[in-house]
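Undergrad: Quick check, what structure comes out for this input:
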Amino acid sequence: DVQYKNEFGMQMVFERRHHLSNLVAADAAADGADSAGRIQDATNDWLFSETLFLQTSECIYLEYDGFHDEGYTLAPIPPDRAKPSRLQGPEKTTVAISVSSREEAVPEVDGTGTTTNNEEEPNLQMVAIFDISARAREEAILGILLTTFVIGLLAVGTMTFSRDVNTLVIVPIEKMVQLVRDISANPLGKDYSLGPDQIR
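TA: Residues are numbered from 1 along each chain as shown. Next up, the predicted model:
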């Protein structure tokens with residue numbers, strides 16, 4: 001599922017950024033120079049996972065909030081992607097990962113595709129908007145095809161039903177009405193008994 005893949009990728013990026021933020025905070029508290037290599041490795045891990053995430057998903061907006069690691073807050077999105085403001089509501093979905101001091105990072109999405117808020121204000125947050133216009137377009141085309149199929153099925157059913165009603169009900173009633181008219185016009189003038197080939 002695409003949504004699971006997006007959330008999983010976000011989780012990986014968030015964990016690496018969170019790890020980097022923790023290393024920077026620990027380094028600032030310890031005021032030591034020996035952790036510079038670990039911070040550089042954590043930065044490379046985070047940038048690699050973010051680049052991989054942006055290349056393998058349809059992410060069109062990625063924002064970080066609350067991280068104190070001197071990294072950027074808005075991720076560089078590839079320029080060929082659509083802008084969030086140019087997409088309508090059903091063509092995009094928003095996923096957010098937030099963590100407070102007492103929680104694990106968990107993606108939270110409500111029915112509208114937006115994040116549900118916890119009672120506590122989160123310390124760290126990552127918000128991404130994904131372009132799902134291709135899926136929305138595919139669903140619209142499938143809806144049109146389904147509607148066309150149902151209309152065709154109803155038309156064929158109506159024609160078949162009308163033909164059967166005409167053959168089994170209307171034609172015999174018209175024959176009986178005509179027979180009654182002929183008999184009432186000249187009751188003794190003609191033989192109205194049916195032959196074997198006329199009985200159906």
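
Undergrad: Give me the number of neighbouring residues for Ala136.
TA: By the measure other Cβ atoms under 10 Å, the count of residues near Ala136 is 17. Glycine gets a C-beta too; all of them are placed from N, C-alpha and C.

Undergrad: In the host helix or strand of it, which residues have enough neighbours to count as buried?
TA: For Ala136, the host element (DSSP states H and E) is helix 133-165. Buried residues in helix 133-165, counted by 16 or more other Cβ atoms under 10 Å: Ser133, Arg135, Ala136.

Undergrad: ok, now stretch 83-103?
TA: Under the neighbour-count criterion of 16+ other Cβ under 10 Å, stretch 83-103 has Leu87, Glu91, Lys92, Thr93, Thr94, Val95, Ala96, Ile97, Ser98, Val99, Ser100 buried.

Undergrad: so can I have a markdown table of those showing pLDDT, secondary structure and distance to Lys175?
TA: Shown next, in a markdown table, are the buried residues of stretch 83-103 (pLDDT from 0 to 100; DSSP: H, G, I helix; E, B strand; the rest coil; distance: Cβ to Cβ, whole Å):
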| residue | pLDDT | secondary structure | distance to Lys175 |
| --- | --- | --- | --- |
| Leu87 | 85 | coil | 65 |
| Glu91 | 88 | helix | 62 |
| Lys92 | 89 | strand | 66 |
| Thr93 | 89 | strand | 65 |
| Thr94 | 89 | strand | 70 |
| Val95 | 89 | strand | 71 |
| Ala96 | 89 | strand | 75 |
| Ile97 | 88 | strand | 78 |
| Ser98 | 85 | strand | 80 |
| Val99 | 84 | strand | 83 |
| Ser100 | 73 | coil | 85 |
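
Undergrad: any chance of these in JSON lines, plus distance to Ile129?
TA: As requested, the buried residues of stretch 83-103 are exported to JSON lines (distance: Cβ to Cβ, whole Å):
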{"residue": "Leu87", "distance to Ile129": "8"}
{"residue": "Glu91", "distance to Ile129": "10"}
{"residue": "Lys92", "distance to Ile129": "5"}
{"residue": "Thr93", "distance to Ile129": "7"}
{"residue": "Thr94", "distance to Ile129": "5"}
{"residue": "Val95", "distance to Ile129": "8"}
{"residue": "Ala96", "distance to Ile129": "10"}
{"residue": "Ile97", "distance to Ile129": "13"}
{"residue": "Ser98", "distance to Ile129": "15"}
{"residue": "Val99", "distance to Ile129": "20"}
{"residue": "Ser100", "distance to Ile129": "23"}
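
Undergrad: Helix, strand or coil: sort out the nearest residue to Thr73 once chain neighbours are set aside for me.
TA: Nearest residue to Thr73, sequence neighbours excluded (Cβ to Cβ, 6 or more residues apart in numbering): Tyr64, at 5.2 Å. Assigned with DSSP: H, G, I helix; E, B strand; the rest coil, Tyr64 falls in the strand class.
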